[in-house]
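Participant: pasting the structure only:
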């Protein structure tokens with residue numbers, strides 16, 4: 001039988017977290033690290049930060065914000081310790097991620113997948129501002145439902161600006177219930193934006209590599225499971241020079 005869904009608790013959370021870097025004697029320093037459960041940040045390397053869930057969710061009605069600021073010439077990698085499990089509750093949950101990378105900066109954002117459980121409705125908005133000469137790897141993986149259950153609804157949007165010029169504006173709405181018109185029979189969707197890179201387009205089973213008009217490449221993939229989705233995205237990322 002499909003796994004049961006926890007009942008709504010009646011409580012909602014508004015939380016914000018922020019990470020920022022500065023340059024000191026030619027190296028990267030994580031100069032600011034602010035957390036608010038369930039968005040808890042932990043520095044795990046010289047320029048690596050992990051998101052660690054310290055509360056369940058997000059639940060319907062939660063409003064979460066993550067701000068990332070990478071100073072010119074510095075490097076930051078943001079990962080997560082585990083997948084994000086979106087649960088139903090009072091209305092839609094919301095996640096806003098804003099990230100800026102100064103000229104010559106490098107940002108790698110590769111969290112574990114977001115799982116939208118049955119009955120959940122999740123809004124995700126990403127706003128990226130990238131300086132000239134910066135390099136970005138921005139990977140997002142979405143899984144519709146846990147094993148044996150239908151997926152919830154996710155409405156996601158990503159806007160990226162590079163050196164003051166729009167690089168990518170993309171949105172997806174899986175529908176409720178999730179619509180096969182969006183993704184066929186697959187239940188896992190993923191994209192990787194590679195900014196500051198060039199390369200040729202390529203297509204393989206379940207994955208497409210699209211060079212953008214600006215300095216960037218978009219990798220899009222569909223799969224039946226998370227392992228295959230990651231494999232396809234990694235293959236697409238490898239096509240960028």
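Facilitator: Ah, there it is. Keep in mind it's a predicted model, so treat the numbers as computed, not measured.
Participant: Tell me the helix or strand right after the lowest-mean-pLDDT helix or strand in the chain.
Facilitator: Lowest by mean pLDDT, DSSP states H and E among the helices and strands of the chain is helix 180-183, with a mean of 60. Sequence order places strand 188-195 as the next helix or strand after helix 180-183, per DSSP states H and E.
Participant: hmm, who's touching whichever helix in the chain runs longest?
Facilitator: What stands out as the longest helix in the chain, according to DSSP state H, is helix 226-238. Residues outside helix 226-238 that contact it (CB atoms under 8 Å, 6 or more residues apart in numbering): 113, 137, 139, 141, 143, 188-192, 194, 202, 204-209, 219-223. In this view, the C-beta of every residue, glycine as well, is placed from N, C-alpha and C.
Participant: Just the buried ones among those, please.
Facilitator: Among the contacts of helix 226-238, those buried by neighbour count (16 or more other CB atoms under 10 Å) are 113, 137, 139, 141, 143, 188-192, 194, 202, 206-207, 209, 219-223.
Participant: residues contacting the nearest residue to residue 163 once chain neighbours are set aside?
Facilitator: Counting by CB to CB, 6 or more residues apart in numbering, the nearest residue to residue 163 once its immediate chain neighbours are dropped is residue 132, at 4.1 Å. In this structure, residue 132 makes contact with 103, 162, 163, judged by CB under 8 Å, 6+ apart.
Participant: Could you give the number of residues near the second one?
Facilitator: Neighbourhood size, residue 162 [other CB atoms under 10 Å]: 23.
Participant: now the last one
Facilitator: Residue 163 has 16 neighbouring residues, counting by other CB under 10 Å.
Participant: how about the helix or strand encompassing residue 123: buried residues?
Facilitator: Taking DSSP H and E as the definition, residue 123 sits inside strand 121-130. Within strand 121-130, the residues scored as buried using 16+ other CB under 10 Å are 121, 122, 123, 124, 125, 126, 128, 129, 130.
Participant: Output the contacting helices and strands for it.
Facilitator: Packing partners of strand 121-130 (3 or more CB pairs under 8 Å, 6 or more residues apart in numbering; DSSP states H and E): strand 93-101, strand 114-116, strand 135-144, strand 153-162, strand 188-195.
Participant: Neighbouring strands - and their directions - for the shortest one?
Facilitator: Right, the one you point to is strand 114-116. Strands adjacent to strand 114-116 in the sheet, as given by DSSP bridges, are strand 84-86 (parallel), strand 135-144 (parallel).
Participant: So which of those is nearest residue 70?
Facilitator: Closest approach to residue 70 among the strands paired with strand 114-116 (CB to CB): strand 135-144, 9.2 Å.
Participant: So what angle separates the directions of that closest one and strand 188-195?
Facilitator: Going by axes from the mean of the first three to the mean of the last three CA atoms, to 10 degrees, strand 135-144 is angled at 170 degrees with respect to strand 188-195.
Participant: quick one: strand 135-144 to chain centroid distance?
Facilitator: Its chain's average C-alpha position is 4 Å from that of strand 135-144, according to CA atoms, centre = their mean, to the nearest Å.
Participant: ok, the most centrally placed residue in the chain to residue 235 distance?
Facilitator: By CA atoms, centre = their mean, the chain has its centre lying nearest to residue 140, at 3.8 Å. Note on residue 140: its distance to residue 235, by CB to CB, to the nearest Å, is 17 Å.
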